[in-house]
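**Q** Sequence first, predicted coordinates after that:
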Amino acid sequence: MTETAQAAIPQFFRVAQEDDVAVALTALDSGQSVEIDGQAITLRDAIPRGHKFALHPIAAGERVHRYRAPIGLATAPIATGEHVHSHNLRTGLSGEVTYTASDHPAARHATAPVVKRTFEGYLRPDGRVGTRNEIWILPTVGCVGRLGERLASKGEALFAGRIDGINAFNHPFGCSQLGADLDGTAAILAALAQNPNAGGVLLLGLGCESNQLDGMLARIPPERRERLRVLRAQSESDEFTAGMALLSELVDLAANDKRQSVPLSALRLGVKCGGSDAMSGLTANALIGRMADAVTNAGGTAILTEIPEIFGAEQFLMERADNAEVFNRLAEVTNRFKRYFLEHGEPVSENPSPGNIAGGITTLEEKSLGAIQKGGLATVMDVIDYGEQTRVNGLTVLEAPGNDAVSTTALAAAGATITLFSTGRGTPLGSPVPTLKIASNSALATNKPGWIDYDAGQVFETGMEACADDLLDLIIATASGKQARNEVNEERAIGIWKRGVTL
């Protein structure tokens, strides 16, 4: 980090000595002189905030490094002080890669001391702990989605104050799907029904749909069905009255649950980014990585997903695989997702999005290297498929796309009871669980206080350690009942990964 005499906050940031570029933290003017390592650099272009400039000459075809790793190839000669972006830098990614476990032995990274903290959670009979005590209504098929929403609205008014809330999660799927696509819908809904934030679940079916209720029930262990009720709408003369009666039963059961002090190890933390900018990997994602380390060091669970947004950085996660089996599973999931792109005629490097590019991210490699910061330094203990739930404590990598609604839903289905969501551009989207929005820059936090829970732009003013302490306090308060902005705004929704044919 380099500071000018006039400003407490640096004008630009270079992650490592090996990097060929630095990122402007404020807009810089063409002709402006900046100094790094005693060398004065005159900027040849105006550099927007969040964008990169070259620290030395770069030849055409040469690899350009940020985060100590290649972020792409120069498409033309780049002079010192020149703007580095999509006009002169391209991705180096193509297709599948053959990974060899012996090339990437497990590396146990030094981590911070164990944080001995507690929160007030809901202890479930199976030993898991929820951060909320809600009733969830899960429709098997979109045909009864609105019925679920009407039941939730009526139930919220009727049972207010007895539990933390009643939420219906509408979606358009569950019928006219085939094979693995239908199986994915059933798997994600059955997994959501087992999230410990749900003190009770109403499975709401139609009757004639492909995603049959009996098949859904078979996916849920018997010991978790005590708080489960089932309604087949076609079998009831008055499905709304029948649904309200079942909700009443569930509320009566859940209302007996009380918060109690539990260790930080009981937390299951989902980590996610959306609407990223070039600051995300420096502030919000790096800060979230500290939280993932704090939780996993304490014996808890962190879940990292968005497989297309690790392309180009997957080797850094593979180096941290606990064993060869985990390494091979991560390699399999990564290549399988690349095939998914290629089989649909799309390049694996289609990311970043227009908003990402406007924010200064040029290639998928650059986006991925910033995105994996959310996983901290923890050893990768497991890799699970879409619709599966976490099996071990520590850092788990979950198969899911980068789409915000789909990936946050997959995190909740995997068992996340709070999700940390970093953003550089801003979004109001929320998931079934408290979804804390972490702004990568202070301008966003200032402009969108109704969306943002924490301003990670403070990292450049107060330091990473102070911000980590503050954010951990917020996580514990949220786990203990403080509402996240998505809850205040009633932004609670799910997205299901649609991969196959629609009949």
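**A** That came through fine.
**Q** For the rest of this, base every contact and every neighbour count on C-alpha atoms.
**A** Noted.
**Q** What is the subsequent helix or strand relative to the longest helix seen in the chain?
**A** Looking only at the chain and at elements set by DSSP state H, the helix with the highest residue count is helix 324-343. The helix or strand immediately downstream of helix 324-343 is helix 354-358, counting by DSSP states H and E.
**Q** Mind exporting the C-alpha coordinates of that following helix to CSV?
**A** Output of helix 354-358 as CSV, limited to C-alpha atoms (Å, rounded to 0.1, in the frame of the first residue of the first chain):
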residue,chain,number,x,y,z
PRO,A,354,-20.9,-6.2,-17.5
GLY,A,355,-21.1,-4.8,-14.0
ASN,A,356,-17.9,-6.5,-13.0
ILE,A,357,-16.1,-5.1,-16.0
ALA,A,358,-17.4,-1.6,-15.3
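**Q** Low-confidence ranges, the stretch 1-150 of the chain, go.
**A** Low-confidence regions of the stretch 1-150 of the chain, defined by pLDDT under 70, span residues 1-8, 102-113.
**Q** all strands for it, in order.
**A** In chain order, the stretch 1-150 of the chain shows strands spanning 12-13, 21-24, 33-36, 39-42, 52-54, 63-66, 69-74, 83-84, 89-90, 118-123, 129-130, 134-139, with DSSP state E, counting those that start in this stretch as the criterion.
**Q** Can you say which helix or strand has the most centrally placed residue in the chain in it?
**A** Among the residues of the chain, the smallest C-alpha distance to the mean C-alpha position (C-alpha atoms, centre = their mean) belongs to residue 272, namely 1.6 Å. Following DSSP H and E, one finds residue 272 within strand 268-273.
**Q** Packing partners of that strand?
**A** Under the contact criterion of 3 or more C-alpha pairs under 8 Å, 6 or more residues apart in numbering; DSSP states H and E, the helices and strands touching strand 268-273 comprise helix 284-297, strand 301-304, helix 404-414, strand 418-423.
**Q** That one - what's its average pLDDT?
**A** The pLDDT scores in strand 268-273 average 97.
**Q** can you check stretch 430-448 too?
**A** Taken as a whole, stretch 430-448 has an average pLDDT of 97.
**Q** list the buried ones in it?
**A** Within stretch 430-448, the residues scored as buried using 16 or more other C-alpha atoms under 10 Å are 430-442, 444-445, 448.
**Q** and these, which two are the farthest apart?
**A** With distances taken as C-alpha to C-alpha, the most widely separated pair in the buried residues of stretch 430-448 is 432 and 442, at 26.7 Å.
**Q** residues touching the residue nearest to the centre of the chain, list them.
**A** With C-alpha atoms under 8 Å, 6 or more residues apart in numbering as the criterion, the residues that contact residue 272 are 304, 305, 306, 374, 407, 408, 419, 420, 421, 422.
**Q** TSV for these, including distance to residue 237?
**A** Converted to TSV, those look like this (distance: C-alpha to C-alpha, whole Å):
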residue	distance to residue 237
304	45
305	43
306	43
374	50
407	37
408	36
419	40
420	43
421	43
422	47
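**Q** Residue 472: which of those residues is nearest?
**A** Closest approach to residue 472 among those (C-alpha to C-alpha): residue 420, at 11.0 Å.
**Q** and the closest one, bridged to which residues?
**A** When bridges are called by DSSP bridges, residue 420 pairs up with residue 271, residue 436.
**Q** Show the contacting residues for it.
**A** Contacts for residue 420 (C-alpha under 8 Å, 6+ apart) come out as 269, 270, 271, 272, 288, 435, 436, 437, 438.
**Q** Could you report the separation of residue 133 from residue 429?
**A** According to C-alpha to C-alpha, to the nearest Å, residue 133 stands 21 Å off from residue 429.
**Q** what residues does the longest strand along the chain touch?
**A** Longest strand in the chain by number of residues (criterion: DSSP state E): strand 198-205. When contacts are defined by C-alpha under 8 Å, 6+ apart, strand 198-205 is touched by residues 130, 132-141, 144, 148, 193, 212-213, 227-233, 246-247, 250-251, 253-254.
**Q** now, which of these lie within helices?
**A** Residues of the contacts of strand 198-205 located in helices (DSSP H): 148, 213, 246, 247, 250, 251, 253, 254.
**Q** just to revisit the earlier point, out of the contacts of residue 272, the closest to residue 464 would be?
**A** For those, the closest approach to residue 464 (C-alpha to C-alpha) belongs to residue 374, at 13.9 Å.
**Q** Can you classify that closest one by secondary structure?
**A** In the three-state summary, residue 374 is assigned as helix, counting by DSSP: H, G, I helix; E, B strand; the rest coil.
**Q** Ok, residue 476 next?
**A** In terms of secondary structure, residue 476 is helix; the call rests on three-state DSSP.
**Q** count of neighbours near it?
**A** The tally of other residues near residue 476 (other C-alpha atoms under 10 Å) stands at 19.
**Q** which residues does the nearest residue to it once chain neighbours are set aside form a beta bridge with?
**A** If you skip the residues right next to it in sequence, residue 476 has residue 119 as its closest partner in space, 5.6 Å away by C-alpha to C-alpha, 6 or more residues apart in numbering. Beta-bridge pairing of residue 119, defined through DSSP bridges, involves residue 262.
**Q** Can you report how many residues neighbour residue 119?
**A** Neighbours of residue 119 under the rule other C-alpha under 10 Å: 23.
**Q** dump the residue contacts of it.
**A** Residue 119 neighbours (C-alpha under 8 Å, 6+ apart): 260, 261, 262, 263, 264, 476, 477, 479, 480.
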